[in-house]
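A.B. asks: coordinates for the following, if possible.
(chains A, B and C)
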Amino acid sequence: VKLIELAQKLNLNLDLIDFKNRENEIVENLNTLKDASNSEVSFLENKNYIADLGNTKALAVLVNRENSDLVPENTVSLISDEPYISLAKASFYFFKPLYTPENEKNEPYYGKNAHVEPNSYIGNNVKIGENTVILANSYIGDNVEIGDNSVIYPNVTIYRDTQIGNNVIIHAGSVIGSDGYGFATNKRGEHTKIYQNGFVQIEDEVEIGGNCSIDRGVFSATKIKKGAKLDNLVHIAHNVEVGEFSLLTGQIGISGSTKLGRNVVMGGQSGISGHLEIAPFTTITAKAGITNNIKEPHKIWSGFPFFEHRKWLRLQAKISKLIKK
Amino acid sequence: VKLIELAQKLNLNLDLIDFKNRENEIVENLNTLKDASNSEVSFLENKNYIADLGNTKALAVLVNRENSDLVPENTVSLISDEPYISLAKASFYFFKPLYTPENEKNEPYYGKNAHVEPNSYIGNNVKIGENTVILANSYIGDNVEIGDNSVIYPNVTIYRDTQIGNNVIIHAGSVIGSDGYGFATNKRGEHTKIYQNGFVQIEDEVEIGGNCSIDRGVFSATKIKKGAKLDNLVHIAHNVEVGEFSLLTGQIGISGSTKLGRNVVMGGQSGISGHLEIAPFTTITAKAGITNNIKEPHKIWSGFPFFEHRKWLRLQAKISKLIKK
Amino acid sequence: VKLIELAQKLNLNLDLIDFKNRENEIVENLNTLKDASNSEVSFLENKNYIADLGNTKALAVLVNRENSDLVPENTVSLISDEPYISLAKASFYFFKPLYTPENEKNEPYYGKNAHVEPNSYIGNNVKIGENTVILANSYIGDNVEIGDNSVIYPNVTIYRDTQIGNNVIIHAGSVIGSDGYGFATNKRGEHTKIYQNGFVQIEDEVEIGGNCSIDRGVFSATKIKKGAKLDNLVHIAHNVEVGEFSLLTGQIGISGSTKLGRNVVMGGQSGISGHLEIAPFTTITAKAGITNNIKEPHKIWSGFPFFEHRKWLRLQAKISKLIKK
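C.D. replies: Residues are numbered from 1 along each chain as shown, chains lettered A, B, ... in the order given. Coordinates of the predicted model:
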């Protein structure tokens, strides 16, 4: 879509926009201010990102009037009263097809000894590596690539564009690449969906338990890195990165854009808020809730609110004494 | 089934029952004391509902001997030593067929451009609206109706009788309409299943994440109202009502019969007990557990036990000081 | 596999091993020190099990040099620098096939009136009892046996070797028999999978809600005993035993090898650590986390850290008073 066409689809007031002779350039995608290329459109969602605005390379930025002065010289200000809702509306135009009609599908590429059991659906343009087995009743969406020696158990759903490495095991019922939880809300409390056009990348030696949910990135990737192991019923939100060899036990949840270093261990039913960084070799004990960055590696954290584990133990001992008072 | 036949099936002592000349009336269903019509049978489970007993319009009520005097004049007292267990046994007789044999199935009704991908099962008497897409390997049970422009992702299960609106998105692996958790337990600790003969109603613009579970109502509906958005691995018990535009994030759980007003926001891994009412525009933060009604709108609640958010923050600050003592 | 061949596959230093003339005996399986028969190989994982080492009947034990003296006279010491990693490597050789090729599959045995709906996969050597119904899009793995009058709802996955009794109900999306979470980690923090070669046993009258995950045992069984009822999104780890008539509500999790007595009740989002025993008729309230054995029956426990319920209530009352100070 051309930039001017996108502006029209979003019902922006064209009189307010200086297109700087770029109105006929093709918008290839949406992206964050930081990551946008000069063929992508970005947006200013909240003031925390104003620093990124001045440095963006985006073709254009959805922005309200008061911040439009901060947009770099070569970038178009797409002035909107509600830039985040405009972004949500724009995301719809970059949403990829739900399916490829049967008569337009390419034959999948199968490596030697790859095997697909009955009733599994294989989308368009799929690559399945050597010795990889897809058990019955699973779904492999368009453009999915799976490496060698991997196993997809039954009733797994792998959404389009997912990349999976070698020696990966995904247990039954898990969902890889569903839409992340992203909505723009107007003043009346109504939500507009931000279509999630990114993907999921699962590296070599990863194992994912039963009935997990791993969301695709908003614009780019959610990543499960080499050798990480997920137990059952784990929730991984959009744009999370799970570090190498991390161990995420049953029913843990990680909110959007949080990044774990390598060998992070999380006990059952623990959780981490969004947009955080967790140092390598961090241990988070069962039921803990982490709401801040953890910068120092090799430490143990417990509770909600969370404390260093020893401190939490001492605190619990103090608390339990209250009953005697 | 006729009322007298139902009494016989339940092994009630017929000599104790005054049928008031209604023994041959057809029992069309079971229902609560409050909602039962005069062709339905109800029950007195516990003393909290005695007020409802006097006002019920039910054809008959399962009740123990001591409370049978409180039954209205025109209603039959089905006297039972264990009325709740009798109810559970009765529920079996109103359970609908698990499937319709292939040769008895009606052609589904498909709106213009409705599309069903391979290996999806479509039950008897199904209606699928215009432009709605059912991706592969999903299950659409008997009498399900889905509106226009909706998407059912792969490996979704929609149990019989579910009603789904327009512009609804249901992500992979989610289960809509499974039996609620209802059992009558005898003195030896053994459970009898209460068959769940209600249904689920999902209104327009709702989005449901991956691997959620939404149970059908016991007698009537579980409702997810217009524009509500559910993240992954959310648990909604029987007869819950989720208010319009509510935001339920990952791994939250709501127990039976609780009703949320509009625009309720729940943080990750939070939960609400059963039979409660939550005011509109309530925010419940991550990991909180709500165990009482919330009557005042626009407030924020945290923790377990739960407090108003600011109070909870102050309390946590006080608690953390204990360690210095 | 012969014992000497297994030692070779594991790259053990054969010069260090005294095979006691048993090198050509067939290793039938792996097992714990306690349960291993004289055709099975075991291992010493940590010092807590040294007492079991002296009493094992195993054909051979993977053990480091310093503990090899404690191995019984008739048992072979398979000396390894990293016995647990050797065990993990050995487990691979006892992993059973992922599927049986279509042309090698036996016809399943169906009892009278057993019924399988379309797109369900039935593995090799499966037995399905009288009146049992398998709804569409489910997966029944090799050697699964299901009793009479049971219902398997759609999109359920039952892994190979699972044993299911009579009058069992399994709701949609549940996964029975996926691999437990077992890995041996080396000094560099890299994990080797311990293949889970046990199975799941589900007794009569059990009901399992939607999207639950029940892992198979490592070597032997995970057991859900008679009349137990599981709500939605429940996580049961390997080798857990759920006692008769226990009630496990939504989103609860039980870690590996924990054993519940009969009629244990667990509130929503509660959890239990691994390797514990919970007395019969114990009640665990919502969101509690149990981290120790519970020996006395008929008690109620709450919180995390957990206390007896009344004590927990008193403690919470004391804590809430801190805010006034």
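A.B. asks: now what about stretch A:312-325, what contacts it?
C.D. replies: Outside stretch A:312-325, the residues that touch it by C-beta atoms under 8 Å, 6 or more residues apart in numbering or on different chains are A:301-303, A:306-307, B:319-320, B:322-323, B:325, C:305, C:307, C:311, C:314-315, C:318-319, C:322. In short, each C-beta sits where N, CA and C put it, glycine included.
A.B. asks: narrow the residues you listed to those that are buried.
C.D. replies: A:301-303, A:306-307, B:319, B:322, C:305, C:307, C:315, C:319, C:322 (16 or more other C-beta atoms under 10 Å in any protein chain shown).
A.B. asks: any chance of these in TSV, plus secondary structure?
C.D. replies: Converted to TSV, those look like this (DSSP: H, G, I helix; E, B strand; the rest coil):
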residue	secondary structure
A:301	strand
A:302	strand
A:303	coil
A:306	coil
A:307	strand
B:319	helix
B:322	helix
C:305	coil
C:307	strand
C:315	helix
C:319	helix
C:322	helix
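A.B. asks: format the residues you listed as CSV; extra columns: pLDDT and distance to residue C:55.
C.D. replies: As requested, these are arranged in CSV below (pLDDT from 0 to 100; distance: C-beta to C-beta, whole Å):
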residue, pLDDT, distance to residue C:55
A:301, 98, 40
A:302, 98, 37
A:303, 98, 40
A:306, 98, 43
A:307, 98, 42
B:319, 95, 48
B:322, 93, 47
C:305, 97, 35
C:307, 98, 37
C:315, 97, 43
C:319, 95, 48
C:322, 93, 52
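A.B. asks: would you mark the buried spots in stretch A:116-130?
C.D. replies: Result for stretch A:116-130 [16+ other C-beta under 10 Å]: buried residues A:116-117, A:119-129.
A.B. asks: any idea which helix or strand comes after the helix or strand containing residue A:61?
C.D. replies: Taking DSSP states H and E as the criterion, residue A:61 maps to strand A:60-63. Next in sequence after strand A:60-63, counting helices and strands by DSSP H and E, comes strand A:76-79.
A.B. asks: partner strands of that next one, with direction?
C.D. replies: Using DSSP bridges, the strands paired with strand A:76-79 are strand A:60-63 (parallel).
A.B. asks: dump the lowest-mean-pLDDT helix or strand in chain A to CSV, restricted to CA.
C.D. replies: Here the helix or strand of chain A ranked lowest by mean pLDDT, DSSP states H and E is helix A:50-55, holding a mean of 93. This file holds the C-alpha atoms of helix A:50-55, laid out as CSV (Å, rounded to 0.1, in the frame of the first residue of the first chain):
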residue,chain,number,x,y,z
ILE,A,50,9.8,10.3,22.6
ALA,A,51,13.6,9.9,22.5
ASP,A,52,13.1,7.2,19.9
LEU,A,53,11.0,9.5,17.8
GLY,A,54,13.8,11.9,17.1
ASN,A,55,16.1,9.0,15.9
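A.B. asks: who's in contact with it?
C.D. replies: A:32-34, A:44, A:61, A:63, A:67, A:70-72.
A.B. asks: all helices in chain A, in order from the N-terminus.
C.D. replies: Under the criterion DSSP state H, chain A contains helices at A:3-9, A:50-55, A:83-91, A:309-321.
A.B. asks: how close does residue A:273 sit to residue C:87?
C.D. replies: 38 Å (C-beta to C-beta, to the nearest Å).
A.B. asks: so between the two, which is more surrounded?
C.D. replies: Using other C-beta atoms under 10 Å in any protein chain shown, the more surrounded residue of residue A:273 and residue C:87 is residue C:87, with 25 against 17.
A.B. asks: so how far is chain A from the closest residue to that one other than its chain neighbours?
C.D. replies: Closest residue to residue C:87 apart from its sequence neighbours, by C-beta to C-beta, 6 or more residues apart in numbering or on different chains: residue C:43 at 4.2 Å. Distance, residue C:43 to chain A, using C-beta to the nearest C-beta, to the nearest Å: 20 Å.
A.B. asks: please name the residues that touch residue C:43.
C.D. replies: C:30, C:33, C:61-63, C:83-84, C:86-87.
A.B. asks: let's see it at 6 Å
C.D. replies: C:62, C:83, C:87 (C-beta atoms under 6 Å, 6 or more residues apart in numbering or on different chains).
A.B. asks: per-residue pLDDT, the residue in the stretch 1-150 of chain A that chain C sits nearest to?
C.D. replies: Proximity to chain C, evaluated over the stretch 1-150 of chain A using C-beta to the nearest C-beta, is greatest for residue A:136 at 3.8 Å. Per-residue pLDDT puts residue A:136 at 98.
A.B. asks: quick check: it touching residue A:115?
C.D. replies: No. Using C-beta atoms under 6 Å, residue A:136 makes no contact with residue A:115, being 11.1 Å away.
A.B. asks: out of the helices of chain A, which is the most enclosed?
C.D. replies: helix A:83-91 (a mean of 22; mean count of other C-beta atoms under 10 Å in any protein chain shown).
A.B. asks: re earlier: flag whichever of the helices of chain A has the least confidence on average.
C.D. replies: Taking the mean pLDDT of the helices of chain A, helix A:50-55 comes last: a mean of 93.
A.B. asks: the nearest residue to residue A:225 once chain neighbours are set aside: how many residues sit nearby?
C.D. replies: Spatial nearest neighbour of residue A:225, chain neighbours left out: residue A:244 (4.5 Å); criterion: C-beta to C-beta, 6+ apart. By other C-beta under 10 Å, 21 other residues sit near residue A:244.
A.B. asks: which residues touch residue A:244?
C.D. replies: A:225-227, A:262.
A.B. asks: possible to save those as JSON lines with neighbour count?
C.D. replies: As requested, these are exported to JSON lines (neighbours: other C-beta atoms under 10 Å in any protein chain shown):
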{"residue": "A:225", "neighbour count": "21"}
{"residue": "A:226", "neighbour count": "18"}
{"residue": "A:227", "neighbour count": "24"}
{"residue": "A:262", "neighbour count": "19"}
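A.B. asks: what's the closest of those residues to chain C?
C.D. replies: Of the contacts of residue A:244, the one sitting nearest to chain C (C-beta to the nearest C-beta) turns out to be residue A:227, at 6.0 Å.
A.B. asks: quick one: residues contacting the closest one.
C.D. replies: A:205, A:244-245, C:191.
A.B. asks: cool, and residue A:218?
C.D. replies: Here residue A:218 is in contact with A:180, A:182, A:196, A:198, A:238 (C-beta under 6 Å, 6+ apart).
A.B. asks: skipping adjacent residues, who's closest to the fourth one in space?
C.D. replies: This points to residue A:198. In this structure, residue A:198 finds its nearest non-sequential neighbour in residue A:217, 2.8 Å apart by C-beta to C-beta, 6+ apart.
A.B. asks: hang on, the one you found packs against residue A:239?
C.D. replies: Yes. Residue A:217 is within contact range of residue A:239, at 4.7 Å (criterion: C-beta under 6 Å).
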